[in-house]
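In: Whatever this is, show me its structure:
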Amino acid sequence: MEKEIKPYQAAGSKKTQVSRMFDKIAPYYDFLNHLLSLGIDVRWRRRAIRQLDRKEGQTVLDVATGTADLALEIYRQIRPEKIVGIDLSNEMLDIGRGKIKAKQWHSQIVLQQGDSENLPFEDNTFDAVTVAFGVRNFENLEKGLAEMQRVLKPGAQMVVLEFSKPRLFPFRQIFNAYFKYLLPLIGRLTSKDQRAYQYLFESVQAFPDGEAFLNVLSKLGFKNSRCIPLTLGVCSIYVSSK
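Out: Sure, this is the predicted structure:
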């Protein structure tokens, strides 16, 4: 069995620790995301949402929505009837609500606290499900993915955006050094939580990316799954359907 990667070296479930970590770093999260990715994360989100089908009257679920950047991008691009964002961290959600209010999209985008591995929705509810940089934080990856499949309507799409491990020499070595050493230092100086950004590197290394993730999707019964690598493999988009 693979070792479970948790944010803190302490007692408590991964789920509890992830929620606590994001509550702590919420005020710095967006700034650090854009700084540490050199702004490329914005383009990653845009490209991920371009994979979604456009339909009239869509209802979209954004899992692990955080500060709602992906939910906002979904509405900007495809104007669904409703977007529901769900996340464990109330501090992150509060920041997301502020962004939504500033855009005056609060009638179209609703955020609520909840567990991605126990979604509070009926079967076959949503026309699409998305998640950006959230699946590697699941305590039980297969359970979280199965929940997303459960709430999808038959034939509907799931789009996952997640970090992956570059394989091209010497970019892989440069990327790993940046993620393992420089990023935690910047994170500690900015957010006062060095472990949060050490955990980022560790969780990416432990995550079954690429073909391994496609195999997990296949095992769970997802169909037509494909992987789209981005930026020399730093990140990947996974598109699948129920």
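
In: what distance separates the helix of greatest length in the chain from the middle of the whole chain?
Out: The longest helix of the chain (DSSP state H) is helix 14-36. Mean C-alpha position of helix 14-36 versus that of the full chain (CA atoms, centre = their mean, to the nearest Å) differs by 12 Å.

In: what packs against whatever helix or strand comes next after it?
Out: Of the helices and strands lying after helix 14-36 in sequence (DSSP states H and E), the nearest is helix 40-49. Contacts defined by 3 or more CB pairs under 8 Å, 6 or more residues apart in numbering; DSSP states H and E place helix 40-49 against helix 14-36, helix 69-78, strand 126-132, strand 152-163, strand 223-230, strand 235-241. The way it works is simple: take the backbone N, C-alpha and C, and place the C-beta from them, glycine included.

In: nearest to residue 171, of the ones you listed?
Out: Among those, strand 223-230 comes nearest to residue 171, with 12.1 Å by CB to CB.

In: ok and that closest one relative to strand 235-241, angle-wise?
Out: Inter-element angle recorded for strand 223-230 and strand 235-241: 160 degrees (by axes from the mean of the first three to the mean of the last three CA atoms, to 10 degrees).

In: What's the mean pLDDT across stretch 227-242?
Out: Taken as a whole, stretch 227-242 has an average pLDDT of 96.

In: swap that for stretch 148-161, please
Out: Summarised as a single mean, pLDDT over stretch 148-161 is 98.

In: Can you name the residues in contact with it?
Out: Defining contact as CB atoms under 8 Å, 6 or more residues apart in numbering, one finds that stretch 148-161 is touched by 44-45, 48-49, 51-53, 61, 63, 70, 116, 119, 121-133, 135, 213, 220-222, 235-242.

In: now the residues you listed: which count as buried?
Out: Buried by 16 or more other CB atoms under 10 Å: 44-45, 48-49, 51-52, 61, 63, 70, 116, 119, 125-133, 135, 213, 220, 222, 235-242, out of those.

In: residues of the helix or strand residue 149 falls within that come out buried?
Out: Secondary structure from DSSP H and E places residue 149 in helix 141-151. By 16+ other CB under 10 Å, the buried positions in helix 141-151 come out as 141, 144, 145, 147, 148, 149, 151.

In: dump the residue contacts of the second one.
Out: I take that to be residue 144. Contacts for residue 144 (CB under 8 Å, 6+ apart) come out as 63, 116, 117, 135, 138.

In: List the buried residues of stretch 95-113.
Out: Those would be 95, 96, 97, 99, 100, 105, 108, 109, 111, for stretch 95-113 by 16+ other CB under 10 Å.

In: does residue 85 really touch residue 99, like I thought?
Out: No. Residue 85 sits out of contact with residue 99 when judged by CB atoms under 8 Å, with a separation of 10.9 Å.

In: anything in contact with each of these two?
Out: residue 68.

In: quick one, what contacts the residue nearest to residue 46 when sequence neighbours are not counted?
Out: With sequence-adjacent residues excluded and distances taken as CB to CB, 6 or more residues apart in numbering, residue 46 is closest to residue 73, at 6.1 Å. Shown in contact with residue 73 (CB under 8 Å, 6+ apart): 45, 46, 49.

In: With residue 223 instead?
Out: Contacts for residue 223 (CB under 8 Å, 6+ apart) come out as 240, 241, 242.

In: Going by neighbour count, list what's buried in the lowest-mean-pLDDT helix or strand in the chain.
Out: For the chain, counting by mean pLDDT, DSSP states H and E, helix 183-191 ranks last in confidence among helices and strands (a mean of 77). For helix 183-191, burial by neighbour count (16+ other CB under 10 Å) applies to 183, 184, 187, 190, 191.

In: Alright, calling it a day.
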